[in-house]
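Undergrad: task: produce atomic coordinates for the following.
(one chain, ligands or ions: 1)
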Amino acid sequence: MSETIFTKIINREIPADIIYEDDLCLAFSDINPQAPIHFLVIPKRPIATLNDISEVDRELVGHLFLAAKKIAEEKGFADEGYRTVMNCNESAGQTVFHIHLHVLAGKPLGWPPYTDKLKV
Ligand code: AMP
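TA: You can find the predicted model right below:
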């Protein structure tokens with residue numbers, strides 16, 4: 001897959017507000033926050049979309065959630081609550097093709113999350 005801006009963040013080629021890192025993943029603040037707390041948890045190994053994961057990624061994808069939970073606990077908003085989102089492809093609004101878990105918190109979050117009228 002082609003390199004994305006997230007690979008550049010992993011490689012420290014562009015700056016980011018990195019809040020967590022371990023062997024498998026990195027977490028950093030979203031540059032365009034949609035809630036008072038909004039950060040992204042990304043695997044260091046790039047995978048373009050959720051459609052591209054396979055059995056070998058089982059632990060890695062689970063690891064992203066464990067990291068999100070750990071950060072939520074460390075930052076003190078785990079009990080209050082938070083939302084995790086992974087957008088997949090165009091209709092979901094994915095813009096960076098390196099999978100990432102959005103973690104949003106710090107205010108009551110509306111549901112459903114979209115603002116356009118749902119046509120079924
Ligand atoms: P998505 O639309 O699900 O692909 O989410 C991509 C997210 O990456 C958006 O929320 C962007 O604001 C965020 N983003 C893009 N470039 C950067 C960057 N350089 N640093 C931090 N967040 C970024």
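Undergrad: can you check which strand is longest in the protein?
TA: Identified as the longest strand of the chain according to DSSP state E is strand 37-43.
Undergrad: could you give the mean pLDDT of that strand?
TA: On average, the pLDDT along strand 37-43 is 98.
Undergrad: and that strand, what's buried?
TA: By 16 or more other C-beta atoms under 10 Å, the buried positions in strand 37-43 come out as 37-43. (Each C-beta comes from the backbone N, C-alpha and C, glycine too.)
Undergrad: show the pLDDT at the residue sitting nearest the centre point of the chain.
TA: By C-alpha atoms, centre = their mean, the mean C-alpha position of the chain lies nearest to residue 101, the distance being 2.1 Å. pLDDT for residue 101: 98.
Undergrad: mind listing what it touches?
TA: 40-42, 64-65, 68, 84-86 (C-beta atoms under 8 Å, 6 or more residues apart in numbering).
Undergrad: how about residue 102?
TA: Contacts for residue 102 (C-beta under 8 Å, 6+ apart) come out as 30, 34, 38-40, 83-87.
Undergrad: equivalent analysis for residue 34, please.
TA: Per C-beta under 8 Å, 6+ apart, neighbours of residue 34: 102, 104.
Undergrad: that one should be in a helix, yeah?
TA: No. Looking at residue 34 with DSSP: H, G, I helix; E, B strand; the rest coil, it is coil, so not inside a helix.
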